[in-house]
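Chemist: Here you go, sequence then predicted model.
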2 protein chains.
Amino acid sequence: MKKADEKDISLVDFNPRTDQMTELWFQDSIEFGHGCSLHIKIKNVLFHYKSKFQEIIIMETEKMGRMLAIDGITMLTEFDEFAYHEMIVHVPLLVHPDPRKVLVIGGGDGGTVREIIKHPEVQEVHVCEIDEEVVRACREYLPSLASSFDDPRVKVFYEDGAKYVKESPGSYDVIIVDSTDPLGPGQILFQREFYEDMKGALLDQGIAVTQCESMYLHQHVIRGVYSFAKDIFPRLGYYFTMVPTYPSGLIGFYFCSLSRDPVSDIDEDRARTLKGLKYYTPELHRSSFTLPRFATEFFRPE
Amino acid sequence: MKKADEKDISLVDFNPRTDQMTELWFQDSIEFGHGCSLHIKIKNVLFHYKSKFQEIIIMETEKMGRMLAIDGITMLTEFDEFAYHEMIVHVPLLVHPDPRKVLVIGGGDGGTVREIIKHPEVQEVHVCEIDEEVVRACREYLPSLASSFDDPRVKVFYEDGAKYVKESPGSYDVIIVDSTDPLGPGQILFQREFYEDMKGALLDQGIAVTQCESMYLHQHVIRGVYSFAKDIFPRLGYYFTMVPTYPSGLIGFYFCSLSRDPVSDIDEDRARTLKGLKYYTPELHRSSFTLPRFATEFFRPE
């Protein structure tokens, strides 16, 4: 028991810096699988809700604009989302000779749709997003992305993406799988059956592009998809984009094509007419298919 | 005052998980300048010393091998250092037609020297590292890099790099500036006078390559060096490499050349003879000079 006149060290030492605000940090719940984790300083939480499917949080960060995380995993920040959305969209749309009908699986934040509707050839954009609450929250708090849903060419279906693709044979010029990681319900989007169904859902000269993780961290996922996708699509490529707020600072995509070549069939005239690009150029499009030596090994017989 | 029979909540709730080890995390002291910071889980500290110049720490990480940090900033992990060292070395050495004498400024960990001595043309490697304690610590705890100092072609000088370059006119085929960031004593390596002195220290057809930060985070540094380097070197390029444990996951270099072109003058025959590469290929060498659109703007008149 402490005596009344005894000096209370802990209180004397407690010297709050009243000129400073409490620091709040968001920690990405993905540790890279490598004991390595990104922390982002935030100002406040704008939206926090547990939907039927997942936990959705939108924050105002200190210096990276607004940020969306789902189940504790960074989906995007306004600082670098352009690098992801421009590359998942313009690469397939500028290789396809006439992309009129486009399907997006996932993509409830609207960033992918925002880039798609920059193409005047596009007549219909169907978005198949499982969680209506993501779209609702992004419309409210991420208008720089989700206001794209107001374009009259866009229709959103709140359905299961894998099922939707299975039931849409011969329907789309381009399919873009803007998905989360292969965890829980997202797992099915990394499996053979889904890739076969995507092939079935494409029209002549069709192209599907799928989010497929980091070459530094998810070798097994990239190799796994390759093992069956190479037999399904006549032309298959893998390319990357650099997104600092994603684990390892980059993310890759599979380019799955019925006939067009991802590198030699770019329509550079159409590329020049696109407005407001910050990442994409036709030169970068080509060079993004050139991978570091260790990653080229993923696509050789083991 | 609490009564003796009152339940002490804080003690009852305190339930240590004795089956788990305490987690130790290294936090990179660079917040990207953007309220964004990388944390790396470590097992233990192998070496920790404050030298005359800086604080040096070498740690065993959980899953990324050993790691060197100087003044709290990540210098390398064994997980991804190959991406940095291969690209800072093989790009200039495979563009130079006959690199016999090579100077390294900084590079006390030995990774850059390890890649240089893979080239049989190289007859002398001079390393000018200001801090002897870095070399000593890395020889002991990072032999996968620093055992390269045992090669008989290598000589280490513990001197100031800027002064050394000024006093070595017409001496080197290739100069590699494997430096820290433009903070404190490193600042001089990002200034006009140093670039002029490097030009003076080069032999005919000479090439200098300098570490020059992240295009996502340090636009002002990249633009600043460009503003004078473009008038000093007849050919100037900027390229990048992807290093997940660096802030933003990438880092770039200036390629400063008296005559050789960084993209069209690659010696692919010599490239094919190099052993043990994990990142470099001649194709990747070329594509690394292709930058995202926002970064191409750094090199246009403002």
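Modeler: Thanks, I have the structure now.
Chemist: what about whichever residue of chain A sits closest to chain B, how many neighbours?
Modeler: Ranked by Cβ to the nearest Cβ, the top residue of chain A for proximity to chain B is A:G249, at 1.4 Å. Where C-beta positions appear, they are placed from N, C-alpha and C, glycine not excepted. Other residues near A:G249 number 25, with proximity taken as other Cβ atoms under 10 Å in any protein chain shown.
Chemist: Show me what the biggest strand by length in chain A pairs with in its sheet, parallel or antiparallel.
Modeler: Scanning chain A for the strand with the most residues, using DSSP state E, yields strand A:36-50. Take DSSP bridges as the rule and strand A:36-50 pairs in its sheet with strand A:24-27 (antiparallel), strand A:55-61 (antiparallel), strand B:36-50 (antiparallel).
Chemist: how about A:T61, what does it touch?
Modeler: Going by Cβ atoms under 8 Å, 6 or more residues apart in numbering or on different chains, A:T61 touches A:F26, A:I40, A:K41, A:I42, A:K43, A:M67, A:T77, A:F79, B:G35.
Chemist: What separation do you get for the first one and A:Y246?
Modeler: In this structure, A:F26 and A:Y246 are separated by 14 Å, where distance is defined by Cβ to Cβ, to the nearest Å.
Chemist: In terms of neighbours, single out the busier of the two.
Modeler: Counting neighbours by other Cβ under 10 Å for A:F26 and for A:Y246 shows that A:Y246 has the greater number, 27 against 21.
Chemist: A:T74 is in contact with the more buried one, correct?
Modeler: Yes - using Cβ atoms under 8 Å, A:Y246 is in contact with A:T74, at 6.6 Å.
Chemist: And the strands in the stretch 201-302 of chain A?
Modeler: Per DSSP state E, counting those that start in this stretch, the stretch 201-302 of chain A carries strands over the ranges A:202-211, A:235-242, A:250-257.
Chemist: Kindly state which of those is positioned closest to B:F190.
Modeler: Comparing these against B:F190 with Cβ to Cβ, the closest turns out to be strand A:235-242 (22.9 Å).
Chemist: packing partners for that closest one?
Modeler: helix A:81-95, helix A:219-232, strand A:250-257 (3 or more Cβ pairs under 8 Å, 6 or more residues apart in numbering or on different chains; DSSP states H and E).
Chemist: Partner strands of that strand, with direction?
Modeler: In the sheet, strand A:235-242 lines up with strand A:250-257 (antiparallel) (DSSP bridges).
Chemist: sorry, back to before: can you flag the buried ones in the contacts of A:T61?
Modeler: Buried members of the contacts of A:T61, counted by 16 or more other Cβ atoms under 10 Å in any protein chain shown: A:F26, A:I40, A:K41, A:I42, A:M67, A:T77, A:F79, B:G35.
Chemist: ok, the residues you listed vs B:L202, which is closest?
Modeler: Using Cβ to Cβ, A:F79 comes nearest to B:L202 of those, at 38.6 Å.
Chemist: Could you say which helix or strand holds the closest residue to A:K155 other than its chain neighbours?
Modeler: In space, and not counting its chain neighbours, A:K155 is closest to A:H126: 5.4 Å by Cβ to Cβ, 6 or more residues apart in numbering or on different chains. Secondary structure assigned from DSSP states H and E places A:H126 in strand A:124-128.
Chemist: contacts for that strand?
Modeler: In contact with strand A:124-128 (Cβ under 8 Å, 6+ apart) are residues A:100-108, A:113, A:116-117, A:149, A:151, A:153-157, A:159-161, A:164-165, A:172.
Chemist: Now do the buried residues in it.
Modeler: A:V125, A:H126, A:V127, A:C128.
Chemist: cool, and stretch A:168-180?
Modeler: Of all the residues in stretch A:168-180, those buried under the rule 16+ other Cβ under 10 Å are A:S168, A:S171, A:Y172, A:D173, A:V174, A:I175, A:I176, A:V177, A:D178, A:S179, A:T180.
Chemist: Can you tell me what sits against it?
Modeler: Outside stretch A:168-180, the residues that reach it (Cβ under 8 Å, 6+ apart) are A:70-71, A:73, A:75, A:88-89, A:92-93, A:96, A:98-107, A:111-112, A:116, A:126, A:161, A:165, A:186, A:189, A:198, A:200-203, A:205-211.
Chemist: Kindly recompute the last result at 6 Å.
Modeler: Applying Cβ atoms under 6 Å, 6 or more residues apart in numbering or on different chains, the contact partners of stretch A:168-180 are A:88, A:92, A:96, A:99-107, A:112, A:186, A:189, A:198, A:200-203, A:206-211.
Chemist: repeat for stretch A:99-109
Modeler: The contact list for stretch A:99-109 (Cβ under 6 Å, 6+ apart) reads A:68, A:93, A:112, A:116, A:121-129, A:134-135, A:138, A:145, A:161, A:172-179.
Chemist: Dump the strands of the stretch 201-302 of chain A to TSV, plus mean neighbour count.
Modeler: TSV is the format used below for the strands of the stretch 201-302 of chain A (neighbours: other Cβ atoms under 10 Å in any protein chain shown):
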stretch	mean neighbour count
strand A:202-211	22
strand A:235-242	21
strand A:250-257	23
